[in-house]
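Trainee: got a predicted structure plus its sequence, pasted below:
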Amino acid sequence: MMLQIYQSARRVVVYMGEQSDHSELLPEFFDTVIRARRVFDSLDKGEEYVEPEDLSRSMGTLRKIGMPTSNNIMWHAARAFYGRPWTLRVWIVQEVVVANELVFMCGGWKLPGSIVYDAVIACMLYPQLRPFGDMSYTQAIAWNEQAKGLRQLFRIMHARSVKLAGLTALLDLFYLTQRCKATDPRDQVFAVLGMAQEATQPALGPNYREDWRDSYLRYTEYLFRVGLGLRALYLSSADSASASKQNGEIPSWVPDFSFEGNLIWFANDHDEVHGKTTAGGHDAPSLRINMTLRTLTVQALQLDSIQFLSHSQTPQQISDLYGQILQWRAELEELVPSAQSASAEETQDKICNVMLCQQELPDLELVRSMIWSADPTEFSESLDGTKLFRDLNHLCGSRRRCVTSTGLLGQVPLLAQEGDMIVIPIGAAVPFVLHPRQARYQLIGQAYIHGVMMGEALQFDQIAKKEIELV
């Protein structure tokens with residue numbers, strides 16, 4: 001009913017709360033950010049041209065683009081705004097996406113939704129315009145909710161701009177709201193149903209007499225039944241750190257739609273890796289659910305098992321992460337003797353590919369130089385060095401390096417253990433790590449295993465298709 005109310009209203013006012021944390025400065029901040037983006041967009045691409053991301057957050061640079069200096073209270077006001085609880089609530093998605101006219105109100109000011117959206121886009125396009133900047137690891141944790149709020153506000157405002165409501169599959173809406181929160185965990189699925197193409201499907205009707213675990217299982221069973229099982233499995237494999245999965249409240253193959261942690265994956269429906277890797281070939285997947293036992297039977301190639309794992313470490317400072325490049329490289333170099341490499345050059349190529357997880361980055365030679373440099377910080381002054389480091393941190397920082405019992409090198413989830421099995425479901429883009437549970441297995445997450453990501457394992461003589469039961 002609320003969806004129809006929002007659709008019928010001439011104007012929807014989003015009330016962000018009372019004035020606090022210098023929120024009275026936000027209209028000026030949004031206007032400044034939008035003007036600064038125009039400066040970036042209009043830079044001449046002549047001989048002296050420098051990409052915007054190459055500009056530092058120094059006071060001189062901020063003044064140059066018309067932004068407040070780094071110690072200005074406006075940055076605090078913006079962080080507090082993006083961190084307001086509203087930005088991460090799942091029920092607000094429909095009011096933003098379907099409203100005919102959207103107005104934001106906070107304390108004593110009102111702004112058209114288009115102004116807020118333009119400011120959010122500018123922040124997402126250019127790191128210098130984000131109110132987070134360079135920070136210590138402790139600050140990064142403290143500001144995590146604010147950063148999530150900015151990203152989620154961008155996602156739902158973008159969904160509004162492309163008129164997503166009613167035209168989108170339910171699973172895509174789950175991707176849109178994967179970091180949202182709800183007091184009742186059932187609302188993580190019920191709150192988006194009205195906007196989905198499948199809104200009228202009887203099997204998906206909201207039922208608040210049903211336990212939330214049964215609701216998640218029911219929605220997942222529907223996705224598998226209509227041929228979206230592999231896509232649902234990508235989503236499920238990204239939230240294995242969920243407490244609900246760790247304590248057995250829901251099966252490991254069922255997405256925890258209420259999970260608020262970091263989703264760790266190589267392949268999903270919005271990731272560049274998906275479609276570029278074809279580890280499981282192009283045949284249709286074979287996936288069968290037993291609702292009574294709450295198990296999923298998957299036809300897969302049983303590739304190998306993890307023999308050795310690197311140690312996982314948490315950096316203390318974001319600036320220290322450049323040193324992590326050396327650490328990740330050293331971990332792989334230590335594992336290489338157990339792997340199969342014919343020469344030093346082949347070893348370097350293999351280590352680079354594993355650290356990059358076969359992703360196509362703009363300047364591979366610069367990547368190689370940074371990975372094999374004795375001091376990766378020498379690249380910190382350049383745009384490419386900074387951006388490539390961020391890419392490496394995304395790929396390596398939330399994973400562990402491994403070598404399998406047959407000498408294959410790769411990266412696996414932090415929860416992986418030595419002895420865990422690596423399988424490739426038929427038709428899947430990537431391998432998966434499974435933990436043995438008696439005669440069944442628990443889904444741990446996705447893996448990058450060098451040498452099998454393009455379907456090579458389908459030609460291995462010693463590997464056959466096998467039915468594997470997940471709990």
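Mentor: Yes, it's here. Numbers count the residues shown, from 1 in each chain.
Trainee: hey, let's count contacts and neighbours off CA atoms from now on
Mentor: Fine.
Trainee: what's the pLDDT at the closest residue to residue 257 other than its chain neighbours?
Mentor: Nearest residue to residue 257, sequence neighbours excluded (Cα to Cα, 6 or more residues apart in numbering): residue 188, at 6.0 Å. For residue 188, the pLDDT comes out at 95.
Trainee: what strand or helix carries residue 188?
Mentor: helix 187-193 (DSSP states H and E).
Trainee: what sits up against that helix?
Mentor: Under the contact criterion Cα atoms under 8 Å, 6 or more residues apart in numbering, helix 187-193 has outside partners 90-91, 93-94, 170, 173-174, 177, 180-182, 199, 204-206, 216, 257-258.
Trainee: among these, name the ones in strands.
Mentor: With strands defined by DSSP state E, no entry of the contacts of helix 187-193 lies inside them.
Trainee: before we move on, the earlier item: just the CA atoms of the helix holding residue 188, as CSV, please.
Mentor: These are the backbone C-alpha positions of helix 187-193, laid out as CSV (Å, rounded to 0.1, in the frame of the first residue of the first chain):
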residue,chain,number,x,y,z
ASP,A,187,11.5,-6.6,5.9
GLN,A,188,14.8,-7.1,4.1
VAL,A,189,12.8,-9.1,1.5
PHE,A,190,9.3,-7.8,2.0
ALA,A,191,10.2,-4.1,1.7
VAL,A,192,11.4,-4.4,-1.9
LEU,A,193,8.8,-6.8,-3.2
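Trainee: now the contacts of helix 187-193: which count as buried?
Mentor: Neighbour counting over those (16 or more other Cα atoms under 10 Å) leaves 90-91, 93-94, 170, 173-174, 177, 180-181, 199, 204, 216, 257-258 as the buried ones.
Trainee: can you tell me which of these end up in helices?
Mentor: Mapping the buried ones among the contacts of helix 187-193 onto helices (DSSP state H) picks out 93-94, 170, 173-174, 216.
Trainee: closest to residue 453 out of these?
Mentor: residue 174 (26.6 Å; Cα to Cα).
Trainee: for residue 115, see how far away the residue nearest to residue 257 is.
Mentor: 28 Å (Cα to Cα, to the nearest Å).
Trainee: ok, the two, which is more surrounded?
Mentor: Ranked by neighbour count (other Cα atoms under 10 Å), residue 188 and residue 115 place residue 188 first, with 26 against 16.
Trainee: so where is the chain shaky, pLDDT-wise?
Mentor: 1, 43-64, 133-143, 164-167, 261-275, 312-322, 338-342, 360-364, 374, 376-390 (pLDDT under 70).
Trainee: one more time with 50, if that's ok
Mentor: 44-55, 57, 134-140, 269-274, 315-319, 383 (pLDDT under 50).
Trainee: what helices or strands is the strand ranked longest in it leaning on?
Mentor: For the chain, the strand with the greatest residue count under DSSP E is strand 295-309. Applying 3 or more Cα pairs under 8 Å, 6 or more residues apart in numbering; DSSP states H and E, we find strand 295-309 packed against strand 287-290, strand 399-404, strand 421-425, strand 465-470.
Trainee: which of those sits closest to residue 110?
Mentor: strand 399-404 (43.8 Å).
Trainee: can I get the CA coordinates of the closest one in PDB?
Mentor: Extracted in PDB, the C-alpha atoms of strand 399-404 (Å, rounded to 0.1, in the frame of the first residue of the first chain):
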ATOM      1  CA  ARG A 399      41.400 -12.600   1.200                       C
ATOM      2  CA  ARG A 400      44.100 -15.100   1.900                       C
ATOM      3  CA  ARG A 401      46.600 -16.500  -0.500                       C
ATOM      4  CA  CYS A 402      46.700 -20.300  -1.000                       C
ATOM      5  CA  VAL A 403      48.300 -23.200  -2.800                       C
ATOM      6  CA  THR A 404      46.300 -26.400  -3.500                       C
END
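Trainee: next, the buried residues of the longest helix that the chain contains.
Mentor: The residue-count maximum for a helix in the chain (DSSP H) belongs to helix 144-161. Buried residues in helix 144-161, counted by 16+ other Cα under 10 Å: 145-160.
Trainee: repeat for stretch 345-362
Mentor: For stretch 345-362, using 16+ other Cα under 10 Å, the buried residues are 347-348, 350-359.
Trainee: with stretch 201-219 instead?
Mentor: 204, 212-213, 215-217, 219.
Trainee: residue 124 - nearest residue in space that isn't next to it in sequence?
Mentor: residue 130 is the one closest to residue 124 (Cα to Cα, 6+ apart), at 7.2 Å.
Trainee: and the one you found, how far from residue 173?
Mentor: Applying Cα to Cα to residue 130 and residue 173 gives a distance of 26 Å.
Trainee: circling back to that earlier point, got the phi/psi numbers for the residue nearest to residue 124?
Mentor: Here is the backbone geometry of residue 130 (degrees, to the nearest 10): phi -80, psi 140.
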